[in-house]
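In: This is the structure alone, sequence omitted:
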């Protein structure tokens with residue numbers, strides 16, 4: 001499971017979390033053999049990790065910004081920048097970067113922090129465009145084009161489902 005940390009998923013969990021014996025969830029839902037039950041492990045990895053785990057406050061970036069949870073936000077941005085750097089190295093550079101989904105579409109501060117961390121790749125945002133968060137947000141003449149693209153996952157799922165069912 002290699003990914004950027006999200007609101008509720010750590011992205012790259014430590015393998016030891018599966019075997020952790022002193023986790024608070026153990027006392028509530030332990031496996032008869034002494035470890036955590038599979039459902040508890042699944043819940044920890046996919047629903048109780050990420051921003052929620054690191055901040056101890058919330059998985060919602062808006063709440064974290066209001067509650068001043070700099071460690072969780074900094075870790076989140078660091079991991080995004082690290083993954084972009086890794087991909088850029090594998091690709092030999094970047095032509096463009098797209099921010100999408102909840103935080104990518106709606107949090108100008110996170111977009112600015114990520115772009116600053118990737119400045120060495122040529123990312124430079126236009127502050128006014130970034131604040132608007134619609135379409136191209138990169139500065140004129142920037143070597144890497146940066147965009148905000150809205151997602152509509154439910155519509156895409158419905159479209160493919162209807163096509164598969166020939167509705």
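Out: Received it, and whenever you're ready, just let me know what you need. Owing to the predicted nature of the structure, the values given are computational and were not obtained by experimental measurement.
In: Going by neighbour count, list what's buried in the helix or strand where residue 128 lies.
Out: Using DSSP states H and E, residue 128 maps to helix 127-132. Under the neighbour-count criterion of 16 or more other CB atoms under 10 Å, helix 127-132 has 129, 130 buried. Just so you know, the C-beta spots here come from the backbone N, C-alpha and C atoms, and that holds for glycine as well.
In: what's next to that helix, contact-wise?
Out: 108, 111, 112, 115, 135, 136, 137, 138 (CB atoms under 8 Å, 6 or more residues apart in numbering).
In: Just say helix, strand or coil for residue 146.
Out: Put simply, residue 146 is strand when judged by DSSP: H, G, I helix; E, B strand; the rest coil.
In: Hmm, it is touching residue 137, no?
Out: Yes: the pair residue 146 and residue 137 qualifies as a contact (CB atoms under 8 Å) at a distance of 5.3 Å.
In: what do these two both touch?
Out: Shared contacts of residue 146 and residue 137, defined by CB under 8 Å, 6+ apart, comprise 99, 111, 125.
In: Following the chain past the helix holding residue 128, name the next helix or strand.
Out: strand 135-136.
In: now the end-to-end length of stretch 111-124.
Out: 11 Å (CA to CA, to the nearest Å).
In: buried set for it?
Out: For stretch 111-124, by 16+ other CB under 10 Å, it's 111, 112, 113, 114, 115, 117, 118, 121, 122, 123, 124.
In: cool, stretch 131-147 as well?
Out: 133, 137, 138, 139, 142, 144, 146, 147.
In: Give me the distance between the last one and residue 124.
Out: According to CB to CB, to the nearest Å, residue 147 and residue 124 sit 14 Å apart.
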